[in-house]
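Asker: Provided below are the primary sequence and the corresponding predicted coordinates.
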There are 2 protein chains.
Amino acid sequence: MTAIEQTEARPRGTRLPRRARRNQLLGAAQEVFVAQGYHAAAMDDIAERAGVSKPVLYQHFPGKLELYLALLDQHCEALVQAVRAALASTTDNKKRVEATMHAYFAYVEDEGGAFRLVFESDLTNEPAVRERVDKVALDCAEAISEVIAEDTGLAKEQSMLLAVGLGGVSQVVARYWLSSGSPIPRDQAVQLLTSLAWRGIAGFPLHGAEGQH
Amino acid sequence: MTAIEQTEARPRGTRLPRRARRNQLLGAAQEVFVAQGYHAAAMDDIAERAGVSKPVLYQHFPGKLELYLALLDQHCEALVQAVRAALASTTDNKKRVEATMHAYFAYVEDEGGAFRLVFESDLTNEPAVRERVDKVALDCAEAISEVIAEDTGLAKEQSMLLAVGLGGVSQVVARYWLSSGSPIPRDQAVQLLTSLAWRGIAGFPLHGAEGQH
DNA sequence: AAGCCGTGGAGGTCAAGATCGGCGTGCAGA
DNA sequence: TCTGCACGCCGATCTTGACCTCCACGGCTT
């Protein structure tokens, strides 16, 4: 049914050093949070998934929120780094677009679904979460907008709007592509999106002879 | 502090006909859900906001979830209609893009923040909610993709990907524009976005003499 | 004036986050 | 090798908070 089958639930008896236990708990928590969301995920579920009793969880994390935030921080940083790296990987702007798209797709596809914590969190009303999620989008957009502003001379507000748009396309389409079962190969999807972002929708070939104004 | 001040809490004594009471409850529920999200919103809050006691609420709606879904359905339909209308408003594709962007911005700006129920719901793990939210994005994308497919001859998968992208930009940027306090006028933002979608990022004027390949 | 129907406040239930005392295991030292 | 200690772990429980119903009251109809 809605069973979680990612990693085997450990036989409840192994003793682990503190650091290793903490990492294992983070892994178990990620699986449960990703699969069920924050609210539906119970501390009992996470403990059971890790093959551990609940008090152990509370010996490593003060509470459910802090556990969630620890995971969130971890994965927020990853995306911003990937986008920065993509932008710095070349000076050809078209390739920059392509590399950035690629970064979003890779981020969404990998990491055991961790992107859900950032893009589909159900705890955005919690200020601490909202702040982190907003900061990711903002940091990515600022990195992109710097390039735009430098190359086009647009003011900060305008270039930020475009940058948010480019980041938004990547994020939304990557999630759609994944959730619809990857109907077309990833590279082809990236190519298509890059064309859209680079040349616009007007840049696609016309079927009929209809004038586009 | 975080007070809700949209409509005055009615003096607790007015008798209303059933239909009017229901609408009033929907209004109160919308304010609370928008301001606090689904989970943080208590039925007590909604009842108090409407100037009514809790049993009345349960005489109109079976439970919290159904109340939420009623609101959601209401506003989902509104966006899809607006997008369809925008696409049908002209046959000039560039104007179609502009009209669609405009529809998203108007949707996000108006309706007392109801767009949050659709775009920022904290109940996406509930299948009934997920289904409706996904369907909105899908319906909008299909409407857009039909135009794309017809005019470019692209296959269904490809045109859907582009359509999801165009809808995604609109939605993400409109929300950013609103949440950042509308730093530039709405019409200008729409123009900028339309340019991005129509001609691509390469269509913006160069600042320096640097070649764009 | 008498009855009825909708309203109001107080309470039950239950799930889930958070916690307390006890147990077993492995190591240090004599 | 035997004893004591420290550490990690567990079963069982407490408590909070939110959704959801039961006994009194007041205005409208005939």
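Answerer: Okay, I see it. Everything numeric here is computed off the predicted structure, so don't read it as measured data.
Asker: how about the residues of chain A by DNA strand D?
Answerer: Contact residues, chain A versus DNA strand D (CB under 7 Å from any atom of the strand): A:12-13, A:15-18, A:21, A:51-56, A:59. All C-beta spots, glycine's among them, are computed from the backbone N, C-alpha and C.
Asker: of all those residues, which two lie farthest apart?
Answerer: Maximum pairwise distance among the residues of chain A next to DNA strand D (CB to CB): 20.0 Å, between A:17 and A:54.
Asker: which one of these two is surrounded by more residues?
Answerer: Neighbours around residue A:17 and residue A:54, counted as other CB atoms under 10 Å in any protein chain shown, are more numerous at residue A:54. The numbers are 13 against 7.
Asker: I'd like to know how far that one sits from chain B.
Answerer: Taking CB to the nearest CB, to the nearest Å as the measure, residue A:54 falls 22 Å from chain B.
Asker: just the buried ones from the residues of chain A next to DNA strand D?
Answerer: Buried subset of the residues of chain A next to DNA strand D (neighbour count, 16 or more other CB atoms under 10 Å in any protein chain shown): A:21, A:51, A:52.
Asker: so which of the residues of chain A next to DNA strand D reach DNA strand C?
Answerer: Among the residues of chain A next to DNA strand D, proximity to DNA strand C is found for A:15, A:54, A:55 (CB under 7 Å from any atom of the strand).
Asker: can you put these in CSV and add secondary structure and pLDDT?
Answerer: Listed next are these as CSV, based on DSSP: H, G, I helix; E, B strand; the rest coil; pLDDT from 0 to 100:
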residue, secondary structure, pLDDT
A:15, coil, 82
A:54, helix, 94
A:55, helix, 93
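Asker: of those residues, just say which sits nearest to DNA strand D.
Answerer: Nearest to DNA strand D, judged by CB to the nearest atom of the strand, of those is residue A:55 at 3.7 Å.
Asker: please name the residues that touch the residue most central in space within chain A.
Answerer: Geometric centre of chain A, nearest residue: residue A:115, 3.2 Å, by CA atoms, centre = their mean. Contact analysis of residue A:115 by CB atoms under 8 Å, 6 or more residues apart in numbering or on different chains lists A:75, A:79, A:107, A:108, A:175.
Asker: next one: stretch A:81-91 to chain centre, how far?
Answerer: Between the centre of stretch A:81-91 and the centre of its chain there are 16 Å (CA atoms, centre = their mean, to the nearest Å).
Asker: may I see the buried residues of it?
Answerer: Buried residues in stretch A:81-91 (16+ other CB under 10 Å): A:82, A:83, A:84, A:86, A:87.
Asker: correct me if wrong: the last one contacts residue A:96.
Answerer: Which is residue A:87. Yes: using CB atoms under 8 Å, residue A:87 makes contact with residue A:96 at a distance of 5.5 Å.
Asker: from memory residue A:171 sits against residue B:169, does it?
Answerer: No: contact criterion CB under 8 Å: residue A:171 and residue B:169 do not qualify, at 10.3 Å.
Asker: which of these two has more neighbours?
Answerer: The neighbour comparison of residue A:171 against residue B:169 (other CB under 10 Å) goes to residue B:169, with 27 against 23.
Asker: and the helix or strand where residue A:81 lies, anywhere near DNA strand C?
Answerer: Assigned by DSSP states H and E, residue A:81 falls within helix A:64-88. Yes: using CB under 7 Å from any atom of the strand, helix A:64-88 reaches DNA strand C at A:64, A:65.
Asker: what packs against that helix?
Answerer: Applying 3 or more CB pairs under 8 Å, 6 or more residues apart in numbering or on different chains; DSSP states H and E, we find helix A:64-88 packed against helix A:18-40, helix A:93-109, helix A:115-119, helix A:127-152.
Asker: how about the buried residues of stretch A:81-91 in a markdown table, adding distance to residue B:30 and pLDDT?
Answerer: What follows is the buried residues of stretch A:81-91, written out as a markdown table (distance: CB to CB, whole Å; pLDDT from 0 to 100):
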| residue | distance to residue B:30 | pLDDT |
| --- | --- | --- |
| A:82 | 38 | 97 |
| A:83 | 36 | 98 |
| A:84 | 40 | 98 |
| A:86 | 40 | 98 |
| A:87 | 41 | 98 |
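Asker: what is the nearest of these to residue B:158?
Answerer: Nearest to residue B:158 among those is residue A:86, at 23.3 Å by CB to CB.
Asker: wait, the closest one touches residue A:97, no?
Answerer: No: Residue A:86 is beyond contact range of residue A:97, at 9.1 Å (criterion: CB under 8 Å).
Asker: OK, contacts around residue A:78?
Answerer: Counting by CB under 8 Å, 6+ apart, residue A:78 makes contact with A:107, A:111, A:114.
Asker: what sits closest to the first one if chain neighbours are left out?
Answerer: Taking CB to CB, 6 or more residues apart in numbering or on different chains, and ignoring the residues beside it in sequence, residue A:107 has residue A:79 as its nearest neighbour in space, at 5.3 Å.
Asker: that neighbour reaches residue A:108, doesn't it?
Answerer: No: the pair residue A:79 / residue A:108 is not scored as a contact, 9.5 Å apart, by CB under 8 Å.
Asker: now the helices and strands packed on helix A:64-88 in a markdown table, with mean pLDDT?
Answerer: Below are the helices and strands packed on helix A:64-88 laid out as a markdown table (pLDDT from 0 to 100):
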| stretch | mean pLDDT |
| --- | --- |
| helix A:18-40 | 95 |
| helix A:93-109 | 97 |
| helix A:115-119 | 97 |
| helix A:127-152 | 97 |
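Asker: nearest to residue A:165, out of these?
Answerer: For the helices and strands packed on helix A:64-88, the distance to residue A:165 is smallest for helix A:127-152, at 8.8 Å, taking CB to CB.
Asker: right, is that closest one up against chain B?
Answerer: Yes: using CB under 8 Å from any CB of the partner chain, helix A:127-152 reaches chain B at A:134, A:137, A:141, A:148, A:150, A:151, A:152.
Asker: now the spatially closest residue to the first one that is not a sequence neighbour: how far from DNA strand C?
Answerer: Among residues not flanking residue A:134 along the chain, residue B:179 sits closest, at 8.0 Å (CB to CB, 6+ apart). Remark: distance between residue B:179 and DNA strand C (CB to the nearest atom of the strand, to the nearest Å) = 29 Å.
Asker: do the same with residue A:141
Answerer: Taking CB to the nearest atom of the strand, one finds residue A:141 at 33 Å from DNA strand C.
Asker: equivalent analysis for residue A:148, please.
Answerer: From residue A:148 to DNA strand C the distance is 43 Å (CB to the nearest atom of the strand).
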